[in-house]
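Enquirer: Fold the following for me, if possible:
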Amino acid sequence: MGEERKSSKAGERAADGLREATSKEEAKNESKMGHDLAKGADRFEERSKSSDGKTAEEKQKG
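Expert: Modelled structure (predicted):
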């Protein structure tokens, strides 16, 4: 049972490190772009557009 706790703590530390690294990378990219990256639903919409600027929904409508 002690091994599970140790493993869980290691996982938590790894997750914390990943979140911190991701946050730093995002801040660097936002700085380089000159504006914040979209968050939440706006981010989903931004990512769902293809190179022609249309969303999947717009393409399905025809």
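Enquirer: What residues sit buried inside the lowest-mean-pLDDT helix or strand in the chain?
Expert: When the helices and strands of the chain are scored by mean pLDDT, DSSP states H and E, helix 40-48 comes last with a mean of 75. By neighbour count on 16 or more other CB atoms under 10 Å, the buried set for helix 40-48 is empty. Quick note: C-beta positions are derived from backbone N, CA and C, even for glycine.
Enquirer: now the helix or strand where Lys24 lies: mean pLDDT?
Expert: Per DSSP states H and E: Lys24 is located in helix 2-33. Average pLDDT, helix 2-33: 84.
Enquirer: next one: it to chain centre, how far?
Expert: 12 Å (CA atoms, centre = their mean, to the nearest Å).
Enquirer: got the contact list for the least confident helix or strand of the chain?
Expert: Helix 40-48 has contacts (CB atoms under 8 Å, 6 or more residues apart in numbering) with 37-38, 55-56.
Enquirer: mind listing which of the residues you listed are in helices?
Expert: Counted as lying in helices by DSSP state H, out of these, are Ala56.
Enquirer: if I look at the residue nearest the centre of the chain, how far off is Arg13?
Expert: Geometric centre of the chain, nearest residue: Thr22, 7.8 Å, by CA atoms, centre = their mean. Distance, Thr22 to Arg13, using CB to CB, to the nearest Å: 15 Å.
Enquirer: go on, Glu46?
Expert: 32 Å.
Enquirer: just Phe44 next, same as before
Expert: 30 Å.
Enquirer: What of Arg43?
Expert: Shown here: Arg43 relative to Arg13, a distance of 27 Å by CB to CB.
Enquirer: Count residues in the vicinity of Ala27, would you?
Expert: Using other CB atoms under 10 Å, Ala27 has 12 neighbouring residues.
Enquirer: oh, and call the first residue 822 from now on, that's how I've got it
Expert: Noted, 822 is the first residue going forward, which turns the last one into Ala848.
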